[in-house]
Each structure stands twice: as structure tokens, then as C-alpha cells.
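# Give me the fold of what follows.
(2 chains)
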Amino acid sequence: MSMRSTQTPESPVPSGGPPRMTARSMAIWGTVAVVGAVCWAVLALSRGEEVSALWILFAALASYAIAYRFYARFIAYRVLGVDDTRATPAERYDNGRDFDVTHRHVLFGHHFAAIAGAGPLVGPVLAAQMGYLPGTIWIIVGVILAGAVQDMVVLFFSMRRDGKSLGQMVREEIGVVGGIAALIAVFAIMIIILAVLALVVVNALAESPWGVFSIGLTIPIALFMGYYLRVLRPGRVSEVTAIGVGLLLLAIIGGGYVEQMGLEDALTLSKEQLTLGLVLYGFIASILPVWMLLTPRDYLSTFMKIGVIVLLAVGLVLAAPVLQQEAVTDFAREGTGPVFAGKLFPFVFITIACGALSGFHALISSGTTPKMVAKESQVRMIGYGGMLMESFVAISALIAASVIDPGLYFAMNSPAGATGGDPTTAAEFIAGLGFTITPDQLTAAAAAVEEQTLISRTGGAPTLAFGMSQVFTEAFGGGLAAFWYHFAIMFEALFILTAVDAGTRVGRFMLQDTIGNVWPKYADLSWKPASWSASAVVVGLWGYMLYVGVTDPLGGINQLFPLFGIANQLLAAIALTLCVTLLIKHGKVKWVWVPGVGLAWDLITTMTASYQKVFSDNPAIGYFTQRERYSDALDAGEVLAPATSTDQMEQVVFNSTLNGTLQALFALLVIVVVANAFLIWVKAVRAGGLPTTEVPWQESHLVAPSDFVATPAEKEAVREWEAAGHGAGYGGR
Amino acid sequence: MNGITRIARTLHWYVRQFTGEAKWDEYVAECAAFGERPMTRREFEHRRDHQREHSPGARCC
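Alright, predicted model coming up:
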């Protein structure tokens, strides 16, 4: 039985819906285009006047809608040639486990929950130091032309290869050298990502007894949920998640009473103590059975994530806040910003990774999601649509950071070495930057959210939490600023912890798998010595980088975040290189510009950024110049601010050497992959295409709609198909 | 079926699908179709835990 009568294997370019636009849909899309154009025009022309944040929100939504309707559809049907007569791996292997035909709306939810984490929330907050406009433009244009394209194209190619992973595809389609380089890059990049995410949590919880109380309680709550699901009432996930969310809210409210409970001193932890705690937690969590901690906390964080995103969108519309940040600050042109060093180009493009373009998504778009897609044409809504949704989260975060008073924003995000950590010195420092905030205002802002201080609370999470608290208070009223602040901190920390736990496991599996090639026993996932030692290695690596960041006299976020952003974007370069390679091998040279535009821009920005981070003679940017400056001073017996002792001087020398070396290594690995791919491109172009590992066509017997909303024809086809007794166990709707 | 009931039903369906609770319903229905006796819910969920143990779902940044 064929999916739709018009599609046969002989005509593999199906129309995918009505072939012509009706007058009505032309009118609708014309309106959307006008709304988008007006919003963009307002953003482009407003300078020095009050600009409502809603212009950004609606510019984004209109742009996404048009890109999804026209560009994503063009990529799906013309470039990739999605073919709904072809059975997906989920249909062919359907084993109810990893290969599992999943309803498109459900898979969209799963895919979105897997790709969206703290990344799209943190990057835009830091990039706000350059003003709201550069970040807005990059998030929206980047996602449309690069990020969403990468996610969808990787998803498609992996689906056509039975859900092979990115590393496997690079090895088989590009070459062994590229494959090995990609494998090392993926592993190293994951370590950096975990370290930086953990650093965000440490910075958000340090000296915050309320935060430590609430986040600490998530562990017993998750353990209780795990016990409930395993022993008390197996499988009742919604029920236990509702209980868990209730307990979580109580934990946040309870945090407001730590002082009365006499726990304030015991829960006021330093960054070093939190680092130790997080490393121990990461190790134990990754060797416990998943049902105890990981699975239940994943339910919690997923529901919190979706709930908070909806709440934030509603809050922004209700509050309609005015942007306080400048459109483009002087830091964008001069590169002297305190949050991170470097000019708009290339550093905005690597600071905002998730939300515009995120290489890490390629690991989820290959491997897990492609094994669950019901129909080929659904890669558009899941891959492209899922990434647009993440981009929307990034835009919301950018707005939340831009509605805060700029003086407070810079006081929160400048390293402690610069602000001195005290309201008076911080206010002086801010005045030196060209913004005004009084010491009293700084103290009052901290008191409003019941924190001891907000000065130098770097890492993005506290800033976002403060912005969200401001938006929610404005939108919903009622003097709950402190509750909202800690609610937002909890929500970020919760899914960072889930990411840390899950990421450690993924790293452990990769390590066991790699070592298993030479020592097969080591790859046995149930052999405790292997899994424990592999976990210890992974935790040790990210824990070490975390410690380096936490103790860095120059400020960990300031030093490590560029490394994180560049690493993530370099992974994207590998993924996009694979996409270009496959299009050429499939004889579609004329379409290589589709992933090629994103790849070219990504290579230009990441290679420029890498070059500057390694070779720049500005010590604020170039790691090795920084090293030289501090080691020369050490030799001369001097101590350079912000270091305060010889030990700290030595630490700066060591850290900049480490960071610079890693930076150079990542860039080299990517160059190896691209160079390897280039050889294949030349060969494939000359031959007019090359054989690939795509699995042969097999007829699909499933009937399912393509897009978010089913067309009347699709509904009719599904109804007929179900009437014929099909679709049991598929929950077709 | 009025609008609110329909929305509530769709939401309930979605949540059960999303959390994987619907897997049990599908399994029971399948057993009934083949005239087999299903395993207990506890046993069924233990098997799913075991599968999860061996296939890490990556969570992105």
C-alpha cells in the first residue's frame, strides 16, 4: 500500500502538500512577511529611544514562520528529496526499543527536550554585552541559514543510514583519518562543554544558601521518584512527575527560610566546595542505575523546561518590557568588554552557539532521533522545527538579559578581579565602563532577590534569573521577585545537572567503546571495573577543567566560555562538512550551498576566533600572549592584577597554556576533517558522484502526515488506512 | 464531544505518549490481539529500565 497515490518510486520528488499557493495562503503569508519586515525595520532604525522587547519577539516569530514554510520545505523536497514511499528505519526495524515508530508530535517533544538545555540561555546573556542587536540578528539569521539546516540535514542523512552516529558517518563517508579526528574532537568537546556547564552551576550556587538548599533537595526528590517508579507504582510517570514538580516548588519556597532553619552558614558554600561536591555527585550519578536518579530527574527537568519556556513567552507578551541595553555597545566595536574579550566579529558568533548553530545537536540528530521518525518528510518539522524552537528560547533569554539595567548587567557579569566584589569598588568600575549604578542600588538589587550579593555573579544564570524575575514580577505582579529568581536558578541548574550526568555516561560509553577496539572486554557495559574506571576518567577530565575555571584569577567564564563556544561551533563545522560531502557524493553539487553557506560562515568565524585566541598579541584575547605577559612578570618578580600572589601568577601561566593548547588542538582536528573531506569532494565532483552507505529503498506501508498540522487529504488517508486495520500500537492521530 | 473534553483528551494522550506510559497500553493491547498473557507491569517496566541503562540519551547543552 502506497502512502499517497501521486508518489511512486519512479518519481521521487513528491510535491508535499498542495502544489500551488491559494489566494488565501498568499494573503496570510504576505501579512506575516509584512509584520516581520516592520519589526525588523523598527529594530534597525531605533537608536537612543525606548524600544519594546516585543519587536524582537515578533521579528523572530515572523522570520521563523517564513523560513519554515518556504526554506525548510525547499530543502526537504528539492535538496534532500524526502520520499514518503520509502520506509524509515523505525518502520523497518521497529523493535519497540531504539527503533520505534513515534508519533511526530511526540518525537518533536523528545527531540526538543534533548537538544535544548542551558546553552541557549547562557550564550545570549553573555553576548548582550555587545548590545541586543548583534545577538538578535545572529540568533535569527544563524538558525534559519545554518543551525536548523544542520539539524535537519544530519537527521535526514543519518535516517537514510539506519541512524548511524556522526562519528560513524564521518569515518565511512569521509575517511578513517577524518573519522579518528572527529572522534577525538567529539570527545574533547564534550569534556569542555560539561566543564563549562558545571561552571555555570557552581557560579550560580556559590555563596547562595537558598540555591544550594533547593538544588540539593532535587537529589532526594529524584531518588524518591525513582523508588516510586521502580518499586511502589511501576511505570506511573505522569503521576510521579506531578508529585516531583510539587515537591520541587516546595523546595524553592523552603529555600527562602534557610535563615530561620539555622542552615544559612552550613549551606553557604565556596566555589571550591561546590566543585568537589559536583565532581563527587557526577561520578556517583553516572555509575548508579539510571532508574535511581537519571531517568526521574530527566522527567522533572523536561517538564520544568517546557513549563518555564511557555511561562517566559507568556510573561514577555504580558509584561512587554522596554529594552534597557543599548542596541550596539562600544564593546562590540572596540572588543574591550569585561564579560568576554574580543570584537563583535568573530566573538558574537561563537559566544552564541546554541540557539543559532550548535554542533552538539548533530550528536542527537544522528543516532537517537532518526531511529524514531515515522515518515521521511517529518525531518522538516522535527529537525528544522525543533531548532527554531530552541532559537526562540535563545531570543527570550537575550530579551531577559537586555531588559536589566546595563549598570547592573555589567556589575553581575564582570569577573571578581575587575569589580573587586564590593558595592563601592564595583560601582566605580561600572562608572569607568561608562554606565551608572550606585552602591546602594547594587545592594538593593541583591536584597530584592534575597541574595547576599549580585556582584560578579558570572556565568549567565544569575543574570537570566534576575531578568526573568523582573519580567515575571511585571507580568504577574505580587512581590515574588525572590521566588522567581530562585525558581529560574533551579530550572537552569536542574537541567545542567541532567546534562552533566547524561553527558558523563555518553562519554563513558564512547571511552569504553574506543578502548574496546583493542581490549574487547572493556567494552562490556555491565562489567563494573570498566564502567567505573571509564566514568572516573570522564569525570576526572571535566572536573579538572571545572577546577581550572573556578580558581582562575582572571575569571573562569571569561577564560573558558570562548573555548566552549568555539568547540561547539567546530563540531558544527564537522557536521556541516559531512552534509556537504554527502550532497556531492549523491551527485547534488548544485545544492551544496545549502549546508555550504552555514559551513563557510562557521569556518570563517571559528577559524578567525581560534587564530585570535592562539596568536593575538592582545593579552586579553590571545592565550599565549597572556601566558607570556604573566610569565615575564613572574621572572621579573612582579605580580600583575588581577592576580594577587605568585601562586596566582603561576596559575594564570598554566591555565593560559592549557586553554591555548586545547584551542589549537580543536582547530587542528577540524582542519584535518575538512581537508580529508576536500579530497573526497574533488574526487566525487570529478566522478559526478560516489557510492555512499545509504540503505536501499524499501517500500513504506505506513501512513502518517508530514507537518505539525495534517492536511485534510492526509487526515483522510490516515482514516482509510486505520479503517483497513493498520496502525495498532502506533497511536496514530 | 465538546471542545474542552477534546483538548483534555488530546493532552492526556500526548502526556502518556511523551512519558512512555502508552507503551504499556500498546503492549497489553498487542498481547490481547495475539491471545497471549502479558507479563506484569513491574516486569515490563524493569525491562524498559534495563534498555535505558544500555542506551544513553544524550542531553545537549
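
# wait, what's in contact with the closest residue to chain B within the stretch 51-200 of chain A?
Using Cβ to the nearest Cβ, A:Gly119 is the residue of the stretch 51-200 of chain A that sits closest to chain B, at 3.5 Å. C-beta: built from backbone N, CA, C; applies to glycine. Counting by Cβ atoms under 8 Å, 6 or more residues apart in numbering or on different chains, A:Gly119 touches A:Leu197, A:Ala353, A:Cys354, A:Gly355, A:Ser358, A:Phe360, A:Asn568, B:Cys60, B:Cys61.

# Low-confidence ranges, chain A, go.
Residues of chain A that meet the criterion pLDDT under 70 lie in A:1-19, A:727-733.

# all helices of chain B, in order?
Under the criterion DSSP state H, chain B contains helices at B:3-19, B:22-34, B:41-53.

# Among the contacts of A:Gly119, pick out the one closest to A:Ser165, please.
A:Phe360 (13.0 Å; Cβ to Cβ).

# Look at the residue lying closest to the closest one once chain neighbours are set aside and say how many residues are nearby.
Counting by Cβ to Cβ, 6 or more residues apart in numbering or on different chains, A:Phe360 lies nearest to B:Cys60, which is 4.7 Å off, once chain neighbours are set aside. Applying other Cβ atoms under 10 Å in any protein chain shown, we find 26 residues neighbouring B:Cys60.

# is it true that B:Cys60 touches A:Ala499?
Yes - under the criterion of Cβ atoms under 8 Å, B:Cys60 makes contact with A:Ala499 at 7.0 Å.

# Need the overlap of contacts for the two.
With Cβ under 8 Å, 6+ apart as the test, B:Cys60 and A:Ala499 both reach A:Gly117.

# Give me the helices and strands touching the top helix by length along chain A, please.
Of all the segments of type helix in chain A, defined by DSSP H, the longest one is helix A:646-687. Helices and strands touching helix A:646-687, by 3 or more Cβ pairs under 8 Å, 6 or more residues apart in numbering or on different chains; DSSP states H and E, are helix A:176-205, helix A:528-551, helix A:556-585, helix A:593-615, helix A:623-635.

# could you dump stretch A:497-504 to CSV, C-alpha only?
Taking C-alpha atoms only, stretch A:497-504 is exported to CSV below (Å, rounded to 0.1, in the frame of the first residue of the first chain):
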residue,chain,number,x,y,z
LEU,A,497,22.8,18.5,36.3
THR,A,498,20.9,16.2,34.0
ALA,A,499,23.2,17.2,31.1
VAL,A,500,26.3,16.6,33.3
ASP,A,501,25.0,13.1,34.3
ALA,A,502,23.9,12.1,30.8
GLY,A,503,27.0,13.6,29.2
THR,A,504,29.3,11.7,31.6
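
# quick check, that stretch touching chain B?
Yes - residues of stretch A:497-504 contacting chain B under Cβ under 8 Å from any Cβ of the partner chain: A:Thr498, A:Ala499, A:Ala502, A:Gly503.

# give the contact list for A:Thr438.
Per Cβ under 8 Å, 6+ apart, neighbours of A:Thr438: A:Ala427.

# what's the spacing between it and chain B?
36 Å (Cβ to the nearest Cβ, to the nearest Å).

# For the residue nearest to A:Phe360, list the residues it contacts.
A:Ala114, A:Ile115, A:Ala116, A:Gly117, A:Gly119, A:Cys354, A:Ser358, A:Phe360, A:His361, A:Leu363, A:Ile364, A:Ala499.

# now A:Ile574
A:Leu166, A:Val170, A:Ala182, A:Ala185, A:Val186, A:Gly359, A:Ala362, A:Val670, A:Val673.

# Out of those, which is nearest to A:Ala394?
A:Gly359 (15.3 Å).

# Find the nearest non-adjacent residue to the closest one, please.
Leaving aside its chain neighbours, A:Gly359 sits nearest to A:Leu571 (2.7 Å; criterion: Cβ to Cβ, 6+ apart).

# and A:Leu662, how many neighbours?
If you count neighbours by other Cβ under 10 Å, A:Leu662 ends up with 21.

# where's the residue lying closest to A:Val670 once chain neighbours are set aside relative to chain B, distance?
Once flanking residues are discounted, A:Val670 sits nearest to A:Leu570: 4.6 Å by Cβ to Cβ, 6+ apart. From A:Leu570 across to chain B, the span is 14 Å (Cβ to the nearest Cβ).

# And for A:Ile309?
15 Å.

# Verify the stated contact: that residue with A:Ala394.
No - using Cβ under 8 Å, A:Ile309 makes no contact with A:Ala394, being 10.9 Å away.

# The two: which has the busier surroundings?
A:Ala394 (33 against 20).

# in what helix or strand does that one lie?
helix A:385-402 (DSSP states H and E).

# Let's see that helix as CSV, backbone CA atoms only.
Taking C-alpha atoms only, helix A:385-402 is exported to CSV below (Å, rounded to 0.1, in the frame of the first residue of the first chain):
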residue,chain,number,x,y,z
GLY,A,385,11.2,23.0,13.6
GLY,A,386,12.9,21.7,16.7
MET,A,387,15.9,24.0,16.2
LEU,A,388,13.6,27.0,15.5
MET,A,389,12.0,26.4,18.9
GLU,A,390,15.4,26.3,20.6
SER,A,391,16.3,29.6,18.8
PHE,A,392,13.1,31.1,20.2
VAL,A,393,14.4,30.1,23.7
ALA,A,394,17.6,31.9,22.9
ILE,A,395,15.8,35.0,21.8
SER,A,396,13.8,35.0,25.1
ALA,A,397,17.0,34.7,27.1
LEU,A,398,18.5,37.6,25.1
ILE,A,399,15.5,39.8,25.9
ALA,A,400,15.6,38.8,29.6
ALA,A,401,19.2,39.9,29.8
SER,A,402,18.5,43.2,27.8
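
# Now do it: distance to the chain's middle.
11 Å (Cα atoms, centre = their mean, to the nearest Å).

# how about it against chain B, any contact?
No - counting by Cβ under 8 Å from any Cβ, chain B is not contacted by helix A:385-402; separation bottoms out at 8.8 Å.

# Get me the contact residues on chain B for chain A.
Proximity of chain B to chain A, by Cβ under 8 Å from any Cβ, involves residues B:10, B:13-24, B:26-27, B:29-30, B:33, B:41-42, B:44-46, B:49, B:51-61.

# now those residues: which count as buried?
The neighbour-count criterion (16 or more other Cβ atoms under 10 Å in any protein chain shown) marks B:13-24, B:27, B:44-45, B:49, B:52-53, B:56-61 among the residues of chain B next to chain A as buried.

# Tell me which other helices or strands the helix holding A:Ala394 touches.
Checked by 3+ Cβ pairs under 8 Å, 6+ apart, helix A:385-402 has helix A:54-66, helix A:104-115, helix A:119-127, helix A:132-142, helix A:148-159, helix A:294-319, helix A:461-476 packed alongside it.

# and among those helices, the most buried is which?
Most buried of those by mean neighbour count (mean count of other Cβ atoms under 10 Å in any protein chain shown) is helix A:119-127; its value is a mean of 32.

# Just give me the neighbour total for the nearest residue to A:Tyr623 once chain neighbours are set aside.
Among residues not flanking A:Tyr623 along the chain, A:Gly660 sits closest, at 3.1 Å (Cβ to Cβ, 6+ apart). Each residue near A:Gly660 was counted by other Cβ under 10 Å, and the total is 20.

# And A:Ile184, by the same measure?
Count around A:Ile184 with other Cβ under 10 Å applied: 16.

# and it, how far is that from A:Met190?
11 Å (Cβ to Cβ, to the nearest Å).

# Do I have it right that the residue nearest to A:Val670 meets A:Leu603?
No - applying Cβ under 8 Å as the test, A:Leu570 and A:Leu603 come out as separate, 9.1 Å apart.

# more crowded one of the two?
Using other Cβ under 10 Å as the criterion, A:Leu570 and A:Leu603 rank with A:Leu570 on top: 28 against 19.

# Could you pull up the residues touching the more buried one?
Listed by Cβ under 8 Å, 6+ apart, the contact set of A:Leu570 reads A:Ala185, A:Ile189, A:Gly359, A:Thr606, A:Ser610, A:Phe666, A:Ala667, A:Leu669, A:Val670.

# Cool, thanks, talk later.
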